Every structure is written in C-alpha cells, then in structure tokens.
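S.K.: I would like the atomic coordinates for the input below:
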Amino acid sequence: MTEQAFGTRLQAAMVHHGPLCAGIDPHRTLVESWGLTYDLAGVERFTMTCVEAFGGAVAAVKPQSAFFEVFGAQGVALLERALADLRQAGTLTVLDVKRGDIGTTVDAYGEAFVGKDAPAPTDAITLSPYLGYGSLRPALDLAAQTGRGVFVLALTSNPEGAQVQHARLADGRSVAGAIADDAAADNADARSRGELGSVGLVVGATVGSAVRDLGVDLPAMAGPVLAPGLGAQGATADDVRAVFAGALPQVLASSSRDVLRAGPDVALLRARAREVAEQVAAITTA
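M.R.: Below is the predicted model:
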C-alpha cells in the first residue's frame, strides 16, 4: 500500500469538510447555463472553475468521465488535469466511470485509474458489479494495494435498475443485498479496527424503502455510501434519514446540479458547496 487507506482518508475529510461529494458534470445544459459555449474551451472553463471552487473546500469531488470523453483525447487530457489539480489542493477525487468487465480487462481498468503507475490517479472509482461482484476482484485488490477505493453500484435511482438489483438469488438474498455482503467481506479488517472501509456502495437517496425491503445491510457493509439524489433529484432530509437509517455516518452525499447552478462565480460556487455540506452534516449527524 502506497498511502493511508482511502476509507480512513475519506472519513477524516468528511469530518473536516462535511459529508459532501461535489460533482463536476460539464454536460451541455449546465455549461450553457453558465453562459459558456459547449465546446472544449467552454468545458475547460467550466471544469477549472469547479476545481478552483471545490479544491480544499469539500470532502471529495466527483468528475463524470463521460462528459470529458465525449471530446476525445483533449477531453481526457482536461479530466486528467482536473484530477491532478484537485490532488494538489489536497481534495479527494472519485472518478465516476462505472467500469465493469472480467479478467485482464477489469485489471487494465484498475491500472488505468487506481494503479501505482496510473497516468492521472484518482482516489476512488465507481464500478459496476453486474458481471458478478467477483469479476471486479482485480480492481478491488489493486485499489487496496495502492490505498485507493471503489464505489460499487448497489441500488441506483433509475427505475430500470430494479430489474437486476431487486432480483432474488437462489439463497433468497436480493442482488443488491448480496453485493452489500460482498463489500462487507472486503471491509472486514477495517471494521475490526473501527475504521471506515475502502469499498463503498452507490445507493440513491431516492430509493425509498428498498434498502430495508431488500435486506441491504449498510451498517454491516462498513464502507462509505455514495448517495446521489439530494437536492435537484428530489430527495429530502426526511428521505435521507429514512433510506439510510442506521448508516447515516457512512453517507457521502453526491450533489452536482444543486451545487453547480450557483456558478459560474467561484465564490458563489464554493459558498453553495459549503452550504450543502453543512446541510448534509446536519441530516447525517442528527
């Protein structure tokens, strides 16, 4: 391991800055709402404004890789620059790439983002387990070796997700519940030390009673819960308390549009991020 475990670093950042992961999502509507042109120059201005606003001000920042990849090699270079600048500012990054594959391919994805020689390393990545949680093992093990983390999709807020995530296995467990159990096994050592694990789950704040109904044991999972949905997607404070009951200290709320609408002024953007972080802290520590 090259540095302190991701879960330990994230827990400290959440305590210091509040449990907010601010998104950098330069899609056309948001970029143009800032009065910028939707081209590489406009996306660069949007991205670097976010980096300036969020660096050193929030627990973590989550760039959405697709919105950079759409501009080809130059877009990827911009993403790498943003990751490097946020790292220089001491801010954790979660790269939203949702990779999932098997064998040497998922191993290569791991090397690309969380390997010791990654060209622009991130502190954590999102992964899709729907070729089987075990298929992610090369990336999971590599992240553990390099002190980085992963967030595995478990219960997403899109209605189509239920077709797979709510399904039942032969042993009666839900697919989402089994994923949480597998993550718990990977976090067992950290839990035994009273620390936050480095294998987290993505669980939408708008999934209603699904966590309870499907037997998704978030406290036992013992890792961080990346929770999109607060704010623009409609989840309220009461929703968050209901969905994540018993696991509120693990929740890292993800907010993109709700924060980004405060741009393009850097000071206003930073102030909105801090305001949302305080709001989430009040919810998750009440």
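S.K.: what ranges of the stretch 151-286 of the chain fall below the confidence cut-off?
M.R.: Within the stretch 151-286 of the chain, the stretches with pLDDT under 70 are 231-233, 286.
S.K.: If we use 80, what do you get?
M.R.: Applying pLDDT under 80 to the stretch 151-286 of the chain flags the ranges 230-235, 286.
S.K.: all helices of it, in order?
M.R.: With DSSP state H, counting those that start in this stretch as the criterion, the stretch 151-286 of the chain has helices at 162-165, 175-186, 188-192, 210-213, 218-221, 237-243, 257-260, 266-284.
S.K.: Same check on the stretch 1-150 of the chain?
M.R.: Under DSSP H, counting those that start in this stretch, the stretch 1-150 of the chain gives helices at 6-17, 28-33, 40-54, 66-69, 72-88, 103-114, 137-146.
S.K.: quick one: which of those helices is nearest Thr126?
M.R.: Nearest of these to Thr126, taken as Cβ to Cβ: helix 103-114 at 9.9 Å. (Each C-beta comes from the backbone N, C-alpha and C, glycine too.)
S.K.: between that closest one and helix 6-17, how many degrees?
M.R.: 30 degrees (axes from the mean of the first three to the mean of the last three Cα atoms, to 10 degrees).
S.K.: Give me the buried positions along helix 103-114.
M.R.: Val106, Asp107, Tyr109, Gly110, Glu111, Ala112, Phe113, Val114 (16 or more other Cβ atoms under 10 Å).
S.K.: returning to what we had before: out of the helices of the stretch 1-150 of the chain, nearest to Ala282?
M.R.: helix 6-17 (13.6 Å).
S.K.: Quick one: residues in contact with that closest one.
M.R.: For helix 6-17, the external contacting residues (Cβ atoms under 8 Å, 6 or more residues apart in numbering) are 3, 57-60, 91-92, 123-124, 143, 147-149, 187, 190, 195-198, 200, 223-224, 252, 277.
S.K.: Make a ChimeraX selection of the buried ones in the residues you listed.
M.R.: To isolate the buried ones among the contacts of helix 6-17 in ChimeraX, judged by 16+ other Cβ under 10 Å, type:
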select :57,58,59,60,91,92,123,124,143,147,148,149,187,190,195,196,197,198,200,223,224,252,277
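S.K.: ok, so what distance separates Arg99 from Gln279?
M.R.: Relative to Gln279, Arg99 is positioned 31 Å away (Cβ to Cβ, to the nearest Å).
S.K.: Same list, the buried residues of helix 103-114, but as a markdown table with distance to Val243 and pLDDT please.
M.R.: Formatted as a markdown table, these follow (distance: Cβ to Cβ, whole Å; pLDDT from 0 to 100):
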| residue | distance to Val243 | pLDDT |
| --- | --- | --- |
| Val106 | 29 | 96 |
| Asp107 | 34 | 96 |
| Tyr109 | 29 | 96 |
| Gly110 | 30 | 96 |
| Glu111 | 34 | 97 |
| Ala112 | 32 | 96 |
| Phe113 | 28 | 96 |
| Val114 | 28 | 96 |
